[in-house]
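Chemist: Generate coordinates for the sequence data below:
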Amino acid sequence: MVAVLTGKPPRFPLVQYFVTRPITTRTIYRESPLSDCGVFEGIITHPRYQTEIIAILKKMWHLTQDFESRHRTTHFDQHPLIPFHEEPRHPYKTPLLTLPLLSSCHNPTHAHVLETLTVASSIYTLTLSCPSIDFPSPQNSASFSQLCSAFGKSSHEEFWERYPGVLLWVLLVGTAAARGREEAAFWMFYMARVGYFSNAEGWLMGSAAVTRFLRIQGLKREGFSGDASMFGTRVQGGEG
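Modeler: Residues are numbered from 1 along each chain as shown. So this is what the prediction gives:
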C-alpha cells in the first residue's frame, strides 16, 4: 500500500505464493483490468448499466495489455515460492466504509457505480496513455475529486462485494491518485480494510493485481527518469 501511494519501489522483495489445497468455487468474481482474463461477458451483471460497465472494464483491460506491450514487459516475474496455508475462518461481514463527510446514496435512479468506474477509467487512461502524466498529476485532479464523491456514495453497493477484483482496481487507482492529498489516509485505510481477500484464491489474485499495478507504476517512473535524462542531455548540448 505504501508503494502504491508513494509511487516508489516496494521496500521488501516480492514473492510468489502457491495454494497448498484445492480452492472452492464461489460466486464471487475477481476479474478486473489487472487480471489475466479480459472476458467480462457472462460474469459482470448489473440491473441497469451492465453493457456500459463491461465496456469500461474491457477497455481498461486492453489498455493494461497495450501499456505492458509498449514497454515490452510481462507480469509473470519469477519470485521465490512460498506456500500459502488457508486457516479456518469464522463467517462475518464488515460493512464498507464511506468517505469522510460523504454519505452513501440509496437513490436507485443514480448511477454511482458506473460513475465510479468511469472516472477511475479516466484517470487510468490518461496516466497510461501520456508519458508525462502520473496518477497524482494535476491533470487528474478533477477526475480524482469526482472519484471520491462517486465512490463514497456507492461504497454500500453489493456490486463491490460481488466483484472484489474490480473494487481493488478502483482502490489502487484512487490510492495512487491520492498521493500528496488529504484524502490519501482514507484510501489507504479503505484498501487495508477491504482491498485484500481473506481466502487463498482471493489473496493470490489480489496480490497478483497489486504486483501488476506496482509494475505499471515502476514503468512510469522509468519513463519519467528517461525523459529527465534526455532533457538534461538536450540542455547540456544546447549550452555547448
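Chemist: any chance you could map the helices in this protein?
Modeler: 2-6, 50-70, 112-129, 141-154, 158-162, 164-177, 184-194, 200-239 (DSSP state H).
Chemist: Tabulate those in TSV, adding columns for mean neighbour count.
Modeler: Any C-beta I mention is one placed from the backbone N, CA and C, and that applies to glycine too. Listed next are the helices of the chain as TSV, based on neighbours: other Cβ atoms under 10 Å:
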stretch	mean neighbour count
helix 2-6	18
helix 50-70	16
helix 112-129	21
helix 141-154	21
helix 158-162	16
helix 164-177	27
helix 184-194	18
helix 200-239	15
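Chemist: how about those helices in TSV, adding distance to residue 36?
Modeler: Output for the helices of the chain, formatted as TSV (distance: least, Cβ to Cβ, whole Å):
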stretch	distance to residue 36
helix 2-6	20
helix 50-70	10
helix 112-129	18
helix 141-154	25
helix 158-162	19
helix 164-177	11
helix 184-194	21
helix 200-239	8
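Chemist: now those as CSV including mean pLDDT and distance to residue 43?
Modeler: As requested, those are exported to CSV (pLDDT from 0 to 100; distance: least, Cβ to Cβ, whole Å):
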stretch, mean pLDDT, distance to residue 43
helix 2-6, 64, 25
helix 50-70, 94, 9
helix 112-129, 96, 15
helix 141-154, 93, 19
helix 158-162, 87, 10
helix 164-177, 93, 10
helix 184-194, 81, 20
helix 200-239, 66, 14
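Chemist: nearest to residue 38, of the ones you listed?
Modeler: helix 50-70 (4.0 Å; Cβ to Cβ).
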